[in-house]
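A.B. asks: 3D model of this:
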Amino acid sequence: MYADTDFSYWMDTQEIGYSLVVTDYADEMMTEWVKNTFDFKIGNIFVFSVLHELGHYFTEDDFTDEEMDADTELKEMLENGLTKLRRRSKEYNELYQSYFGLPTEYSATEWAVNWIRENKKEANKLCIKCNEALAKFYLRNGVTDDDL
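C.D. replies: Residues are numbered from 1 along each chain as shown. Here you go, the predicted structure:
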């Protein structure tokens, strides 16, 4: 799992993980990177993140085992580098941004952007349903803004 993340995709079990951690800084950086790279404005970071993780599932066959191994190794190197840097420093930002450009990350993000562009009505419905479900989950479990 990547430093400062609340979403993960496990290829071997084809599962998406989500935690209650809110990582505003990571969300800001991803939003900026997506805007600059794909000329796309993320409307709902939660839904976009879920779609990005689904993108890993739908694009994983585009990579050879060797490419996946190399990508995983680079992710681990980036994560190790990030833990040694001060958050929001120029070096931290550059290293974090380079994570988004890794082949599997880029591919998953591109898949999410394309899916939203091609399925705008469904994407809007998904945002509404997710917002409603999250609100119910938080209410049922006593999660407040102070907890996030």
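A.B. asks: going by C-alpha atoms from here, please, whenever you check contacts or count neighbours.
C.D. replies: Fine.
A.B. asks: against residue 114, how distant is the residue nearest the centre of the chain?
C.D. replies: The chain has residue 49 as the residue nearest its centroid, 4.3 Å off, counting by CA atoms, centre = their mean. Distance of residue 49 to residue 114, given as CA to CA, to the nearest Å: 14 Å.
A.B. asks: tell me which stretches of this structure form strands.
C.D. replies: Taking DSSP state E as the criterion, the chain carries its strands at 7-10, 15-18.
A.B. asks: okay, now residue 63: neighbour count?
C.D. replies: Residues lying near residue 63 (other CA atoms under 10 Å) number 14.
A.B. asks: likewise residue 57?
C.D. replies: Burial measure for residue 57: 18 neighbouring residues, criterion other CA under 10 Å.
A.B. asks: do the same with the one 5 residues further on
C.D. replies: Other residues within reach of residue 62 by the criterion other CA under 10 Å amount to 12.
A.B. asks: how about residue 52?
C.D. replies: 25.
A.B. asks: what's near enough to touch it?
C.D. replies: When contacts are counted by CA atoms under 8 Å, 6 or more residues apart in numbering, residue 52 touches 108-109, 111-112.
A.B. asks: contact partners for residue 73?
C.D. replies: Contacts of residue 73 by CA under 8 Å, 6+ apart: none found.
A.B. asks: cutoff 10 Å now
C.D. replies: Taking CA atoms under 10 Å, 6 or more residues apart in numbering, we find residue 73 in contact with 67, 79.
A.B. asks: check residue 42 too.
C.D. replies: Counted by CA under 10 Å, 6+ apart, residue 42 has contacts 27, 30-32, 34-35, 48-49, 113, 116.
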